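Trainee: Build me a model:
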Amino acid sequence: MWGQYHPVPYQSKIKETFLRIFGVALSLDQTLWWAAGAFLSYRFAQLVPPIGHDWLYSRLHQLIPFALCLYLCYAKHPKTGLPIWRYYRLLIALRFRQRCYYYRKYRTPVWDEGKR
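Mentor: Numbering: from 1, shown residues only. Below is the predicted model:
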């Protein structure tokens, strides 16, 4: 249409930066995932004692919550392109959703052999 202006949306590949830690620029949701992973690792370290006598390898299991949060933060579902935490949240919401079933009873004709 002549005289009408239809703006094309600009899709920038630049991420927003909320926090910069050790040269890693983090957005707000990534910062929250990192903070949740650090908090859970700290609590896990308080609850589970070191396994073994070596300083590094005896505490390696305490990084599991942080690694799990980093996986949820950065991984994407290959088919949908959604962040993996959002995909799992939608999958769980779909599984436990309130369902409403509608049934309709159809009258089925009764065929009598004598009336054909």
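
Trainee: Against Gln62, how distant is Glu40?
Mentor: Not Glu; residue 40 is Leu. Distance of Leu40 to Gln62, computed by C-beta to C-beta, to the nearest Å: 10 Å. (Each C-beta comes from the backbone N, C-alpha and C, glycine too.)

Trainee: Could you check which of these two has the larger neighbour count?
Mentor: Remark: of Leu40 and Gln62, Gln62 carries more neighbours, 20 against 16, as counted by other C-beta atoms under 10 Å.

Trainee: and stretch 10-28, how far out from the chain's middle?
Mentor: Its chain's C-alpha centre and that of stretch 10-28 lie 19 Å apart, by C-alpha atoms, centre = their mean, to the nearest Å.

Trainee: Likewise for stretch 36-53?
Mentor: Worked out by C-alpha atoms, centre = their mean, stretch 36-53 lies 24 Å from the chain centre.

Trainee: Could you list the buried residues of it?
Mentor: Ala36, Gly37, Leu40, Ser41 (16 or more other C-beta atoms under 10 Å).

Trainee: wait, which of those residues is closest to Cys73?
Mentor: Within the buried residues of stretch 36-53, the smallest distance to Cys73 is 7.9 Å, found for Gly37 (C-beta to C-beta).

Trainee: Next, the contact list for that closest one, please.
Mentor: Residues near Gly37 by C-beta atoms under 8 Å, 6 or more residues apart in numbering: Pro65, Phe66, Ala67, Leu68, Cys69, Leu70, Cys73.

Trainee: if we go to 6 Å?
Mentor: When contacts are counted by C-beta atoms under 6 Å, 6 or more residues apart in numbering, Gly37 is found next to Pro65, Phe66, Cys69.

Trainee: Can you check what pLDDT the model gives the most centrally placed residue in the chain?
Mentor: The chain has Trp85 as the residue nearest its centroid, 1.1 Å off, counting by C-alpha atoms, centre = their mean. The model reports Trp85 with a pLDDT of 92.

Trainee: For it, which non-adjacent residue is closest in space?
Mentor: Leu72 (4.2 Å; C-beta to C-beta, 6 or more residues apart in numbering).
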